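K.L.:
Model the following, please.
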Amino acid sequence: MRFAAIRGLRLRHFEDEAVVFDPLSWDAHLLNPAAAAVLEMLLEAPCSEAEVFAFLAEVLQPSEQPEAATHGKRLLDHLRSLGLIQPPTPNAGR
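P.N.:
This next block holds a predicted model:
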């Protein structure tokens, strides 16, 4: 399955964290560095779970790299539960 960030999100970095704002719902969320990095990736283009897991494997601490898929699954589930990502629509980008 591929995921994309919902349209219109605004992401601002503050030190080690980031705040994402959804102007449609007026919801704001504080994200840790990994969640912010994945969301930025999904704002650029839809990505598969495997692409997210591979990205996390590159940026995580060496001791955390073997758990990249587990971290990635939790992170994607969390971003989806917050309403920040979704499967891309068939005509997205056209």
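
K.L.:
wait, doesn't residue 35 sit right on residue 79?
P.N.:
Yes - Residue 35 lies in contact with residue 79 (C-beta atoms under 8 Å); the separation is 6.6 Å. No exception for glycine: its C-beta is placed from N, CA and C like everyone else's.

K.L.:
Show me the residue sitting in the middle of this protein in space.
P.N.:
Nearest residue to the geometric centre of the chain (C-alpha atoms, centre = their mean): residue 39, 2.8 Å.

K.L.:
so how far is residue 74 from it?
P.N.:
Separation of residue 39 from residue 74 (C-beta to C-beta, to the nearest Å): 14 Å.

K.L.:
How about residue 66?
P.N.:
For residue 66, the distance to residue 74 (C-beta to C-beta) stands at 15 Å.

K.L.:
now the strands for the protein?
P.N.:
In the chain, the strands defined using DSSP state E lie at 2-5, 10-14, 17-22, 27-31, 47-48, 85-86.

K.L.:
Report all helices and strands that the fourth one contacts.
P.N.:
If I follow you right, that is strand 27-31. Strand 27-31 is packed against strand 17-22, with contacts defined by 3 or more C-beta pairs under 8 Å, 6 or more residues apart in numbering; DSSP states H and E.

K.L.:
Run through the helices of this structure in chain order.
P.N.:
Here the chain has its helices, by DSSP state H, at 33-44, 49-59, 68-81.

K.L.:
can those helices go into JSON lines with extra columns for distance to residue 14 and mean pLDDT?
P.N.:
Below are the helices of the chain laid out as JSON lines (distance: least, C-beta to C-beta, whole Å; pLDDT from 0 to 100):
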{"stretch": "helix 33-44", "distance to residue 14": "10", "mean pLDDT": "94"}
{"stretch": "helix 49-59", "distance to residue 14": "19", "mean pLDDT": "92"}
{"stretch": "helix 68-81", "distance to residue 14": "19", "mean pLDDT": "93"}
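
K.L.:
Pick the most buried one from the ones you listed.
P.N.:
For the helices of the chain, the largest average neighbour count (mean count of other C-beta atoms under 10 Å) is found in helix 33-44, namely a mean of 18.
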